[in-house]
Structure formats: structure tokens, C-alpha cells
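Engineer: My questions are about this predicted structure, shown below with the sequence.
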Amino acid sequence: MMTKREFLGLLAAGSGAAALGPARAWADRIRILGEGPAPDRTLGTPQASPEFRRLVAGVLLGTRRSYGSLHVFWLHGAPPPAPLAIATLEEARQRGDLAIAERPQATVPSLVVENRGKLHALLLAGEILLGGKQNRVVTEDVLLPPASGPVDLAVYCVEQGRWAGTSGGFSARGTFAAPALRARVMDKSGQQRVWAEVDRYAARMAAPSPTRSYQAVDDKAEVRAHRQAVEQAVDTRAPAGALGAAVFVAGALTGLDLFADPGLFVREWPKLLRAQALESYDRRALEDVDEAGLRARVAALLERAAGIEGTVRRGAGVGRLFEFRLERGRGAALVAEGQVVHAAVL
């Protein structure tokens, strides 16, 4: 972990640094390129998470909202008696509480983050960070305590053609990785496969970029228009009491997210929906939607998840990450102070 003095020095130096020339940038990128997050911190053999099991076992399927090929099923349950006070990435940034920067010796797979606020701050696996020497994506859920001090943040690059910048800092515009990219990230598939997934989305959406940036996909005018139509039809405001949502696109489950705190889900849902909307952009709607069949699939998934075993390890911030395989999918739950802050199955 970086010292406070080193981190403050990094921010000061980053604000005045000059952009690297193309040749130097390419040489530096080859020299520093890493293949993924920090070494595994697994704590033991496969085991269950009682907090995750308790949350999943109490989930009830609610109503469905749809637009074209996209179908959302709300997930309801009992919230904890005293949920943690947590700020989202955007909320913490708007308050000036969260600083994200390149390391003093910049490397592709690692940044430095510090929560200077009085609330916990949550970064979700799939959050897109813009700026620095290249845009990055967060690889796993991270819960930073108040006044956290500098913390190493594992990331992948989602802008292959750039390694330069006059500032070491990062911003967040609420961009979130689309399901297939998010799955690669959560699966720790490696930088090359993450780049390949970015390229696939860019080709599919016809959204080329000089730096091969994922942000170009999200910024495409036609994609934005489709996303706005989805937001109006499905609603970015989750219903009261909902803990999460299961989403299908063209009959395939593209993500299930659960939060112990319904208030936190309401605030995180808009960017999760935007990512799902991107996935449905060019997918043809099914002529006949088998709602009963989709509901049965979600119920069966939840039933299997309640009994699943996986590995438990320390998170980069506070809490522990419970990670597991479920059929062909990957699941993870961040647990802190006896409750599931967030869980996802892709």
C-alpha cells in the first residue's frame, strides 16, 4: 500500500506532467504492461457464505419491465436492520471525497484510490474510469472505509491505443461495462481478452476510435438514443423495496445484481440499466416472450446460488469477496459487517 506522502506527491506531479511522445509512450507501455490484478488472496478451501445464502434465500421475484429484446425482473427481499451508509462512485466524486490517480511509476493494471470522506465509498466491478494515461475498468467490487488512506486498485485497460496524458487523475461519467465485457473483467480473463471484448463491442456497434476506447461505444449517438428509449420504458427508478434485478436480452440472462440495501440499489441501478441497454442495442426482440419460463430460470438460479460454495478472500478495501462459479457463469459477493453490500452473477 502507498503512503500518504507518496500519494499526495503523485497528485501534484500528475497535474503538471507533459504528454509522452508516441515512440516513448509505446516503449513505456510495452515495459509496464501487466496481465491483471494483484496476486490472489484466497483464504481457504471452497466454502459457503452465510450472508450471501441468507440474502439469496429470501429473494422474491417481482414484476417485469421490458423494451424490445430486454426484460427486467425486479428482485425483492428483506433489507438488513441497519444498512451501511455507502456513497456510490459518482456521489463520492461529486463531493470531492474520492481521489483516483496513476501510481508514481504508472502501470496498466493498478491505480491508487483514496476515500477522504466520512461515508464508505463503493466501486463496482465494471465501473469505467476516464483519464490518466488510458481509460480503465475496475476489476472487482471495492468498499473503501471513511478516511481510507491510499489503496491499490486493480484495473484493466479499456483504451488500448493511448498511453499518455497531462494529468494522473481520473473522472467518472457513470459509464459501466456491458455484460460480456463485465464478465471478462470479473473472470480475471487477462488484459488481451478484455481488449478483444472492447474491440468486439466497437465492431458490433460500428463505433471505431483512434485509441480503441470503449467510451466511443457508449458515446455513439445511436446507442445513446436507444439507451434513452430503454430508460423511459423500463425506468431508471427502481420500485420501492427492490433489492436488485435479473436482466435478459434476447432470451439470454445477461446479469443479476443484488444489494442488501434497497436504497443503494436505487442509486446504482441507472448505470447498470445503461450497460444492459447497450447489450440490447442491435438484438431482435423475441416474437413470443415466455415470461413463465424466464421466471423459472431466475428462480432456479437463485435456488442454486443459495447453496453454492466458493472462495473467500480479503477485499482491496474493507470486507471480503465471496467468489464462485455457477454453471457457465461467474458470481461474486462483497460482504462487510455481516451484510452483502453487492452481489452479481453473470
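Structural biologist: Done, it's in. Numbers count the residues shown, from 1 in each chain.
Engineer: which sections of the chain are below the confidence cut-off?
Structural biologist: By pLDDT under 70, the weakly predicted segments of the chain are 1-44, 166-168.
Engineer: A helix includes Y156, no?
Structural biologist: No: read with DSSP: H, G, I helix; E, B strand; the rest coil, Y156 is strand and lies in no helix.
Engineer: show me the contacts for it.
Structural biologist: 36, 108-109, 136-137, 139, 185, 191, 194 (CB atoms under 8 Å, 6 or more residues apart in numbering). The way it works is simple: take the backbone N, C-alpha and C, and place the C-beta from them, glycine included.
Engineer: which SS class is the closest residue in space to it that isn't next to it in sequence?
Structural biologist: In this structure, Y156 finds its nearest non-sequential neighbour in V194, 4.4 Å apart by CB to CB, 6 or more residues apart in numbering. With three-state DSSP as the basis, V194 sits in helix.
Engineer: Kindly confirm whether my reading is correct that V194 touches V155.
Structural biologist: No: with contact defined as CB atoms under 8 Å, V194 does not reach V155; the gap is 9.9 Å.
Engineer: Reduced to three states, what does A203 come out as?
Structural biologist: helix.
Engineer: For it, give its distance to S209.
Structural biologist: 11 Å (CB to CB, to the nearest Å).
Engineer: Counting neighbours, go ahead and name the busier of those two.
Structural biologist: S209 (18 against 11; other CB atoms under 10 Å).
Engineer: picking that back up, more neighbours, V194 and V155?
Structural biologist: V155 (31 against 25).
Engineer: and the nearest residue to that one once chain neighbours are set aside, what does it touch?
Structural biologist: In space, and not counting its chain neighbours, V155 is closest to R136: 3.8 Å by CB to CB, 6+ apart. For R136, the contacting residues are 111, 128-129, 155-158, 170, by CB under 8 Å, 6+ apart.
Engineer: For the residues you listed, could you give me TSV that also reports distance to A333?
Structural biologist: TSV is the format used below for those (distance: CB to CB, whole Å):
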residue	distance to A333
L111	23
I128	22
L129	23
V155	21
Y156	21
C157	26
V158	24
F170	26
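Engineer: which of the residues you listed sit farthest apart?
Structural biologist: Using CB to CB, the pair of the contacts of R136 lying farthest apart is Y156 and F170, separated by 13.9 Å.
Engineer: continuing past the lengthiest strand in the chain, what's the next helix or strand?
Structural biologist: Longest strand of the chain, by residue count under DSSP state E: strand 98-107. Per DSSP states H and E, the first helix or strand lying C-terminal to strand 98-107 is strand 110-115.
Engineer: distance between that following strand and the chain's centre?
Structural biologist: 16 Å (CA atoms, centre = their mean, to the nearest Å).
Engineer: Direction included, what does it pair against?
Structural biologist: strand 98-107 (antiparallel), strand 151-157 (antiparallel) (DSSP bridges).
Engineer: Relative to A252, which of these is closest?
Structural biologist: Between the strands paired with strand 110-115, strand 151-157 lies closest to A252; by CB to CB that is 23.5 Å.
Engineer: All the strands of the stretch 101-250 of the chain, residue numbers only.
Structural biologist: 110-115, 120-123, 128-131, 136-138, 142-144, 151-157, 170-171, 242-249 (DSSP state E, counting those that start in this stretch).
Engineer: Output the longest one in CSV with nothing but the alpha carbons.
Structural biologist: Looking back up the chat, that one is strand 242-249. The C-alpha trace of strand 242-249 is given here as CSV (Å, rounded to 0.1, in the frame of the first residue of the first chain):
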residue,chain,number,x,y,z
ALA,A,242,-36.4,-3.7,-4.7
LEU,A,243,-33.0,-5.2,-3.8
GLY,A,244,-31.9,-5.9,-7.4
ALA,A,245,-32.8,-7.1,-10.8
ALA,A,246,-32.3,-10.0,-13.2
VAL,A,247,-32.0,-9.0,-16.8
PHE,A,248,-32.5,-11.0,-20.0
VAL,A,249,-31.5,-9.9,-23.5
